[in-house]
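Participant: Kindly generate the corresponding structure for this input.
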Amino acid sequence: MVASRPAAVQEQRSAAMSVPPQPAARRTVLPQASTVGPITVAVLAGDPITGQGAAVYLDSCPHVKVLPASRQHEAEVILILVSWITDETLAWMQQVADAAQRDVRFVLVGDGIREHQLLRAISCGLVSVIPRQEADFDRILRVIAATREGSLEMPGVALGWVMNQIRGIQQDVLEPKGLTTAGLEARETDVLGLLAEGLGTAEIAERLHYSERTVKNIIHGVLTRCRLRNRAHAVAFALRNGAI
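Facilitator: Take a look at the predicted model:
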């Protein structure tokens, strides 16, 4: 069953997107389905026929469960199918995200996304964008599966926009305040870098000309602010975010 469109968003007038179904033998096997259950998906479409076809196909896959309109707020992934991505599409996404009152992951199929729209969509919970000409059901299934692993998929030009935005934030906002993209201060990255090398508190204090109490306070501050379990977790966090 296809989730109904929010009432505040008028129906888009562009032509319906064509997403040809693939043979059953090509259907993607979604990872971890046996341990965590099927991926729940809500389908929202600018064209009802396209949306219904997508919902029927996805619901026929053993590791996907399509939720009805009344339960779209429970879905792990919300698949949006439109011909052209417009500001109206973004308003639609915002309304769904606000109604869910939790983190929402959107997979958006459509053409014509612009830089300002991409950044706004990411703030709503967008994780992947697929151009219409690349959007067969096998591709859509792979992308839906990847969301469970925390992956994203976007056209090259869109990734370029995101990277430029990140660089701009780093240069214009974070660096003047002595912060990294992970939200760590320079002295915090110094301490975590030495922790990664295997140094203890006393050795770090001597190397950085801090007191041992200062080193402990720095580490405690990182653990508390970033909600990390211990020193090893803090080092892993810094490495994963490119801070050290």
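
Participant: For residue 120, identify the helix or strand it belongs to.
Facilitator: helix 115-124 (DSSP states H and E).

Participant: Who are the packing partners of that helix?
Facilitator: The contact analysis (3 or more C-beta pairs under 8 Å, 6 or more residues apart in numbering; DSSP states H and E) places helix 115-124 against helix 87-100, strand 105-111, strand 126-130, helix 156-169. C-beta: built from backbone N, CA, C; applies to glycine.

Participant: Which of these has the lowest mean pLDDT?
Facilitator: Mean pLDDT values for the helices and strands packed on helix 115-124 show the minimum at helix 156-169, a mean of 69.

Participant: how's the protein carved up into domains?
Facilitator: 24-153, 175-240 (automatic domain parsing).

Participant: Turn the ones you listed into a markdown table, including mean neighbour count and distance to residue 160.
Facilitator: Output for the domains of the chain, formatted as a markdown table (neighbours: other C-beta atoms under 10 Å; distance: least, C-beta to C-beta, whole Å):
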| stretch | mean neighbour count | distance to residue 160 |
| --- | --- | --- |
| domain 24-153 | 18 | 9 |
| domain 175-240 | 16 | 17 |
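
Participant: Okay, strands next: where are they in this structure?
Facilitator: 39-45, 64-66, 77-84, 105-111, 126-130 (DSSP state E).

Participant: Distance from the third one to the middle of the chain?
Facilitator: Here the centre of mass of C-alpha atoms in strand 77-84, compared against the chain's by C-alpha atoms, centre = their mean, to the nearest Å, lies 15 Å away.

Participant: could you give the angle of that strand to strand 126-130?
Facilitator: Orientation of strand 77-84 against strand 126-130 (axes from the mean of the first three to the mean of the last three C-alpha atoms, to 10 degrees) gives an angle of 40 degrees.

Participant: Kindly report the same for the fourth one.
Facilitator: The directions of strand 105-111 and strand 126-130 differ by 30 degrees, with the same axes, to 10 degrees as the criterion.

Participant: who's in contact with strand 105-111?
Facilitator: For strand 105-111, the external contacting residues (C-beta atoms under 8 Å, 6 or more residues apart in numbering) are 17, 19, 76-85, 89, 93, 96-97, 121, 124-133, 135, 140, 143-144, 147.

Participant: Quick check: residue 184 vs residue 190, distance?
Facilitator: 10 Å (C-beta to C-beta, to the nearest Å).

Participant: again with residue 120
Facilitator: In terms of C-beta to C-beta, residue 120 sits 36 Å off from residue 190.

Participant: do residue 224 as well
Facilitator: 18 Å.

Participant: Same question for residue 40.
Facilitator: Note on residue 40: its distance to residue 190, by C-beta to C-beta, is 44 Å.
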